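**Q** Build me a structure from this.
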Amino acid sequence: MAILRKREIGQMLPEEREKKVSELRAELTTIRTQVKSGGTVDNPARVRELRRAIARLLTAQNLKAQTEKA
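**A** Numbers count the residues shown, from 1 in each chain. The predicted structure follows:
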């Protein structure tokens, strides 16, 4: 999966963003479980990529919520 770009996130509907966050969190949990159980991960940088993608999505959600309040 490629990195989510700001433009792509901006074009998503709020429901799509929420769904994507849950998918990414599930994938991150799976990778973390593999590491904790002593296994190796094919791409260790994937953890960082997932964390950043989740943060970008949540930031976009919060910005939208703030602009709707004002």
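**Q** elements contacting the helix ranked longest in the chain?
**A** Looking across the chain with DSSP state H, the single longest helix is helix 45-69. Other elements packing on helix 45-69 under the criterion 3 or more CB pairs under 8 Å, 6 or more residues apart in numbering; DSSP states H and E are helix 6-11, helix 14-36. For the C-beta atoms, the positions are set from N, CA and C on the backbone; glycine is no exception.
**Q** which residue packs closest to the residue nearest the centre of the chain, ignoring adjacent ones?
**A** In the chain, the C-alpha nearest the mean C-alpha coordinate belongs to residue 54, at 2.5 Å (CA atoms, centre = their mean). Excluding the flanking residues, the one nearest residue 54 by CB to CB, 6 or more residues apart in numbering is residue 24, at 5.1 Å.
**Q** pLDDT below threshold where in the protein?
**A** Low-confidence segments of the chain (pLDDT under 70): 1-2.
**Q** try 90 this time
**A** Applying pLDDT under 90 to the chain flags residues 1-6, 39-42, 64-70.
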